[in-house]
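> Here is my input; please provide its structure:
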Amino acid sequence: ITVADKTFAIVPETQLKYHGKAIAPADIAAKLLSAGKLYATVQGTKQADTTLLANLVIVQDGASSEQATASNEQQVRGKVTVVTATVLHVDGFANDIVLNADTKVEQVGAGKLDITAIKVGQTVQVHVVLSGTTYTAQQVHIEDKYVKAAKGNGKH
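Here you go, the predicted structure:
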C-alpha cells in the first residue's frame with residue numbers, strides 16, 4: 001500500500017481496520033478501490049533494509065481522520081532514540097509516546113521495572129493507546145536482556 005508517496009509492505013501480521021473492524025486486503029480492493037480513491041492512515045516500522053513494514057492500516061471512507069473510531073490500541077517496536085521521565089521516542093514511529101505513572105515497564109531477566117530502566121539504544125515493544133492525537137504507553141517491554149551491574153564485595 002502506498003500512502004503519501006511512501007510504500008508499506010503488508011504482511012500477515014499487519015492489522016487492517018475499517019470502521020473499527022478487521023478487514024482483509026482483498027476486501028479493501030473490492031469495496032474501496034472501486035470508488036477510485038482510498039484513504040488510509042498507516043503506522044509502520046522502518047526495516048533494516050530501509051523498506052517500510054505496515055503494522056496497522058486504518059482504512060477510511062474519506063479524507064477525514066477516523067483514527068479515534070478505529071482500534072485505539074497499537075504496538076510499536078523499535079530502538080529507543082529519546083527517553084525522558086515523560087516522553088519516549090522509538091525509531092520508525094513519528095509520534096511522541098507519553099510515559100506516566102501508569103506505564104508498566106518489564107525487561108527480559110529483570111521482571112517489573114520503572115521508567116528509569118528504559119535507555120536510548122534498547123529495543124522495546126510498546127503497547128500504546130491513542131486518545132485524540134496523544135499516544136500513551138500502557139506497557140514498555142525492553143527486549144534487550146537485563147545485565148546485572150557487577151558490584152564489588154569490598155574484600156581484597
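> mind listing the helices for the chain?
25-32 (DSSP state H).
> quick one: pLDDT of the most centrally placed residue in the chain?
Centroid-nearest residue in the chain: Val76, 1.8 Å away (criterion: C-alpha atoms, centre = their mean). Note on Val76: pLDDT of 89.
> cool, and Gln67?
Gln67 is given a pLDDT of 43.
> try Ala35
60.
> Over to the one 3 residues further on?
Confidence at Leu38, expressed as pLDDT, is 68.
> How about Lys31?
Confidence score, pLDDT, at Lys31: 64.
> Can you get me a residue count around Glu17?
No, residue 17 isn't Glu; it's Lys. 20 (other C-beta atoms under 10 Å). To be clear about C-beta, it is placed using only N, CA and C from the backbone, and glycine gets the same treatment.
> ok, now which ones touch the residue nearest to the centre of the chain?
Going by C-beta atoms under 8 Å, 6 or more residues apart in numbering, Val76 touches Gln43, Thr45, Asn55, Val90, Gly92, Phe93, Ile97, Gln125, Val126, Val128, Tyr135.
> what is it paired to in the beta sheet?
Val126 (DSSP bridges).
> Which among the contacts of Val76 count as buried?
If you count burial by 16 or more other C-beta atoms under 10 Å, the buried members of those come out as Gln43, Thr45, Asn55, Val90, Gly92, Phe93, Ile97, Val126, Val128, Tyr135.
> which among the residues you listed gets closest to Val105?
Nearest to Val105, judged by C-beta to C-beta, of the buried ones among the contacts of Val76 is Val126 at 10.0 Å.
> how close does the closest one sit to Thr81?
Distance, Val126 to Thr81, using C-beta to C-beta, to the nearest Å: 13 Å.
> Kindly report the same for Ala22.
31 Å.
> What of Gly121?
9 Å.
> Among those two, which residue is more densely surrounded?
When Gly121 and Thr81 are compared for neighbours, Thr81 comes out ahead with 13 against 10, by other C-beta under 10 Å.
> Identify the spatial nearest neighbour of the more buried one, chain neighbours not counted.
Of all residues not flanking Thr81 in the chain, His89 sits nearest, at 4.6 Å (C-beta to C-beta, 6 or more residues apart in numbering).
> Could you tell me how far the one you found is located from Lys119?
From His89 to Lys119 the distance is 13 Å (C-beta to C-beta).
> next one: Val82
11 Å.
> Same check on Ala30?
46 Å.
> try Lys17
Lys17 is 33 Å from Lys119, by C-beta to C-beta.
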